[in-house]
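[1] compute the structure for the input listed below.
(2 chains)
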Amino acid sequence: MNFKQMIAQSGMIFVFLVVVVAAYIIAPQFMSKDNMISLGLQVSSIGVVACTMLFCLAAGDFDLSVGSTFALGGMVGVLIGNSTGSLWMGVLAALGVGIVVGLINGTVVAKFKINALITTLATMQIVRGFTNILGHGTPQSAAKPGFDFLGNQTYLSIPLPIWIMVSFFIVFGILLNRTVFGRNTLAIGGNKEAALLAGIRVDRTKIAIFALSGMAAAFAGIVSASRLVVASNNAGEKLELQAISACVLGGVSLSGGIGTMSGTVVGVLIMGIVENVMRLRNIDAFYQLVVTGTILLMAVLFDRVKLKLLKQA
Amino acid sequence: MLTFQSISKGFSGVQALQDVSFTVAAGSVHGLCGENGAGKSTLLKTLSGVHRPDSGSFQIDGRECQFKTAIDALDGGVAVIYQELNLVPEMSVAENIWLGHFSHKGPFVDFKELRAKTKESLARVGLQVDPSTRLGSLSIGQKQMVEIAKALTRNAKVIAFDEPTSSLSAREVETLFGLINELKARGMAILYVSHRMDEITTLCDACTVLRDGKHIETFATMEGVDAKTIVNRMVGRELAAAMQESDRPVGESLLELRDVSGPGLAEPVSLNVRAGEIVGIFGLIGAGRTELLKAIYLGKKGEILIGGELVRRNGAVSSIQSGLVLCPEDRKHEGIVPMLGVAENLNLSIRRSLAKFKFWIATSAEKKNAADFIAKLRIKTANPNTPISNLSGGNQQKVILARWLSERVRVILLDEPTRGIDVGSKAEIYEIVRDLAKTGIGVLFVSSELPEILALSDRVFVMSEGRITGSMPTKEATEPKLLSLALPKGGAA
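    Purely as a prediction, here's the structure:
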């Protein structure tokens, strides 16, 4: 293996290490345990949503509705939690509406062959609308004590949202690499016609992907609402773009067929670290947008270079 | 006119071209032959500025040329007409021809002049369409004419064709050859790449054979040079006639179609294939052959029986479950998943049946299946995880065949199984198909190459204009007989 191939194949890990070292140099407190936990909490929502976004992108689709579904999940969870007095009923209801949104997305995309970008752009607005209707356009607080269990409980002194994110990484990583569903997802994104003729149930697989995507977004929403003890009707705005950015940073192809869970994890962390370090250095949030945007652009350019190197190799 | 001087080009370790030298005379058609991977495409791409040679050079009219980009090459008088045409389907014919060189008044396009100029250049290639026609509505042959017209507007002196006839109808081929001869008479140098030997021997004045990136021989004249001679130089060995007829026992009726119809078919089709029988379907492009296979595999109209049992017809999945599979014609768009590895592509269909609970991938069973077929079908790949797009067309096709042979196949439908595949791999694929038939599988295959039909099939059906126009045992078939059945009766191509 020559140097070019090495760069091309382990490129993202390399970039990740550079980012970590740079973060440590810029802000030495970056490596502290407290900061690691706050970094983990900060990316916990994006991390969960990026797992299923990876599947959408790998299949050659998009899901723009995840940000709204995130808000709806939190809202439904809090309202049901309040009225039944049980956090778990709230969680179940949130998962339920998430899956319903996903099934609608998936059915429209797979059965009616409508472009996923348009479909989820529409449902993004519809779902956000419903969230506002349910919450009367204002944030809703969780009335019951104990509602913050999912968000604030710690295990081995690490908060539950981080454990949840890590388990999503593991479960969806296994799903992608070790199951027929995961490999079929990549095959569909790589060549839909070939997958269809090879007897892969393309429609069903796509619907399942969107259903999982809605479920994950709503779950992330209820976890976040549980942590804040309030469901905001504006929660999860731009979450879809952040999740897509993280995936792309991690080398997932926007045209489908290419994507790894390790790459996605690295993408999520890079996004998180950059924001985290800027916060540690008290840099204005406006600059953060400029920096994250620039990094995304550079990641895409890097991807191009990588493809070129691989072709030469 | 055009001289290649010891051109070499390598791609990280693989020597695609090695010290290739030959000359194409002005006013001649020069054939370029070789198996896939012999270096024909690389040579064309070096000529057109897509690749730059590692060493060596070429001269046009004695002038040294060094093209850095395709635009450079076009400005330097070299146009390459690729198999996949570089045109914009949503724009008009006129816009396509003059793309990048629009007539304009200030910042505005001068459509009037554009139209006049286009009419003129279309007349030069003898294409009768309105300049404002949307390009996408033209046939492939017409699009090729537009591409040639475009080359002529840039004062091309050298035109290279890369397998121009692979998707043309017989009539379009005739028109193209007429035009090529006209260009030749005007003193242009034509470089003509083709897998079809009859084209090389009839159309070309000279011919160069490449093998493994090396120049093998240039025939300065085609007198006394026949297809066999060229093929032998291409493969470097006497090709054992692929035509041998084996005495395969043919069994009971296996596949039976009853009034199968679908889009692109003018009338319902009924036919049967017996166990161990290879049945060919011959027809020109557009005769409805692919549509028939698709109707069998994916359609719902009509009845299909395999071994006397009615097949449930509900898309690919139920067909596969009944043991009915299809190798599609368009390998790139319907066969392979390019970014996935050889093994992944091979196991694409069987994966679910191998998997535990149809969910957990059976890694070792998949590995074994892939390794078995790579060995059995002699698939040339560095390792099972090499991206399939790195393989030659012949080896890709073997992977697709292996995908289906992994299943419990009873009837296999093959759509142009050797399209764009080099001579050596072709013979291997014929062998695989014959071996399949020996095991009692029924084979129904489509081809537009008569020698292939005659070599491989036991029985042949001919299609034309969406209907079956004849059938006979291959023993009684001759090329003229089949061709006359295949030609459209209305006369319009």
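
[2] so how far is chain B from A:Leu134?
    In this structure, A:Leu134 and chain B are 36 Å apart, going by C-beta to the nearest C-beta, to the nearest Å. C-beta coordinates here come from the backbone N, C-alpha and C atoms, glycine included.

[3] chain neighbours aside, what residue packs nearest to that residue?
    A:Met75 (5.2 Å; C-beta to C-beta, 6 or more residues apart in numbering or on different chains).

[4] burial of the one you found, as a residue count?
    28 (other C-beta atoms under 10 Å in any protein chain shown).

[5] that one and A:Ala142 touch, don't they?
    No - the criterion here is C-beta atoms under 8 Å, and A:Met75 misses it with A:Ala142 at 10.9 Å.

[6] which residues do these two both contact?
    Residues within reach of A:Met75 and of A:Ala142 at once, by C-beta atoms under 8 Å, 6 or more residues apart in numbering or on different chains, are A:225, A:231.

[7] look at the nearest residue to B:Ala26 once chain neighbours are set aside and say how many residues are nearby.
    Among residues not flanking B:Ala26 along the chain, B:Met1 sits closest, at 3.8 Å (C-beta to C-beta, 6+ apart). By other C-beta under 10 Å, 19 other residues sit near B:Met1.

[8] contacts only, for B:Met1.
    So B:Met1 contacts B:23-26, B:60-61, B:157-158, B:189 (C-beta under 8 Å, 6+ apart).

[9] could you report the pLDDT at it?
    According to the prediction, B:Met1 has pLDDT 82.

[10] again with A:Gly272
    pLDDT recorded at A:Gly272 is 91.

[11] who are the contact partners of it?
    Here A:Gly272 is in contact with A:39, A:42-43, A:46 (C-beta under 8 Å, 6+ apart).

[12] so which of those belong to helices?
    The helices, defined by DSSP state H, take in A:39, A:42-43, A:46 from the contacts of A:Gly272.

[13] ChimeraX command to pick out the buried ones of the contacts of B:Met1?
    The following ChimeraX line selects those of the contacts of B:Met1 that are buried, judged by 16 or more other C-beta atoms under 10 Å in any protein chain shown:
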select /B:23,24,26,60,157,158,189
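
[14] what's the closest of the contacts of B:Met1 to A:Asn233?
    B:Val158 (67.2 Å; C-beta to C-beta).

[15] one step back: quick one: contacts for the residue nearest to A:Leu134?
    By C-beta under 8 Å, 6+ apart, the contact set of A:Met75 is A:131, A:134-135, A:140, A:221, A:225, A:231, A:233.

[16] state the mean pLDDT of the helix or strand it falls within.
    A:Met75 is part of helix A:66-84 when elements are defined by DSSP states H and E. For helix A:66-84, the mean pLDDT works out to 94.

[17] ok, and for it, which residues are buried?
    Here helix A:66-84 shows A:66-82 as buried, counting by 16+ other C-beta under 10 Å.

[18] extract the CA atoms of that helix and return them as CSV.
    The C-alpha atoms that make up helix A:66-84 are tabulated as CSV, following Å, rounded to 0.1, in the frame of the first residue of the first chain:
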residue,chain,number,x,y,z
VAL,A,66,-36.1,14.7,10.5
GLY,A,67,-35.7,18.1,12.2
SER,A,68,-39.5,18.6,12.3
THR,A,69,-40.1,15.0,13.4
PHE,A,70,-37.6,15.6,16.2
ALA,A,71,-39.7,18.5,17.4
LEU,A,72,-43.0,16.6,17.0
GLY,A,73,-41.5,13.6,18.9
GLY,A,74,-40.6,15.8,21.8
MET,A,75,-43.9,17.6,21.7
VAL,A,76,-46.1,14.5,21.5
GLY,A,77,-43.9,12.8,24.2
VAL,A,78,-44.3,15.7,26.6
LEU,A,79,-48.1,16.1,26.0
ILE,A,80,-48.8,12.4,26.3
GLY,A,81,-46.4,12.2,29.3
ASN,A,82,-48.3,15.0,31.0
SER,A,83,-51.7,13.6,30.3
THR,A,84,-50.9,10.0,31.3
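
[19] next SSE downstream of that helix?
    Sequence-wise, the next helix or strand downstream of helix A:66-84 (DSSP H and E) is helix A:87-111.

[20] what is that following helix packed up against?
    When contacts are defined as 3 or more C-beta pairs under 8 Å, 6 or more residues apart in numbering or on different chains; DSSP states H and E, helix A:87-111 sits against helix A:66-84, helix A:116-134, helix A:149-152, helix A:202-228.

[21] tell me what the shortest one is packed against?
    When contacts are defined as 3+ C-beta pairs under 8 Å, 6+ apart, helix A:149-152 packs onto helix A:87-111, helix A:160-178, helix A:202-228.

[22] distance from the chain centre to the helix or strand harbouring B:Gln142, please.
    Element membership for B:Gln142 (DSSP H and E) is helix B:140-153. Relative to the centre of its chain, helix B:140-153 is centred 20 Å away, using C-alpha atoms, centre = their mean, to the nearest Å.

[23] show me what the helix or strand following that helix is packed against.
    The helix or strand immediately downstream of helix B:140-153 is strand B:158-162, counting by DSSP H and E. Under the contact definition 3+ C-beta pairs under 8 Å, 6+ apart, strand B:158-162 sits against helix B:40-47, strand B:78-81, strand B:189-193.

[24] near chain A, which residues of chain B?
    Contacts of chain B with chain A, taken as C-beta under 8 Å from any C-beta of the partner chain, map to B:11-12, B:297, B:316-317, B:319-320, B:326, B:328, B:333-340, B:344, B:348-349, B:351-352, B:355, B:358-361, B:403.

[25] strands - which of these land there?
    B:11, B:326 (DSSP state E).

[26] and the residues of chain B next to chain A, which are buried?
    Buried subset of the residues of chain B next to chain A (neighbour count, 16+ other C-beta under 10 Å): B:297, B:316-317, B:319-320, B:326, B:328, B:334-340, B:344, B:348-349, B:351-352, B:355, B:361, B:403.

[27] returning to what we had before: quick one, the helix holding B:Gln142 and strand B:158-162 angle?
    Put simply, helix B:140-153 runs at 160 degrees to strand B:158-162, going by axes from the mean of the first three to the mean of the last three C-alpha atoms, to 10 degrees.

[28] who does helix B:140-153 touch, helix- and strand-wise?
    Counting by 3+ C-beta pairs under 8 Å, 6+ apart, helix B:140-153 packs on strand B:78-81, helix B:93-98, helix B:111-124, helix B:170-185.
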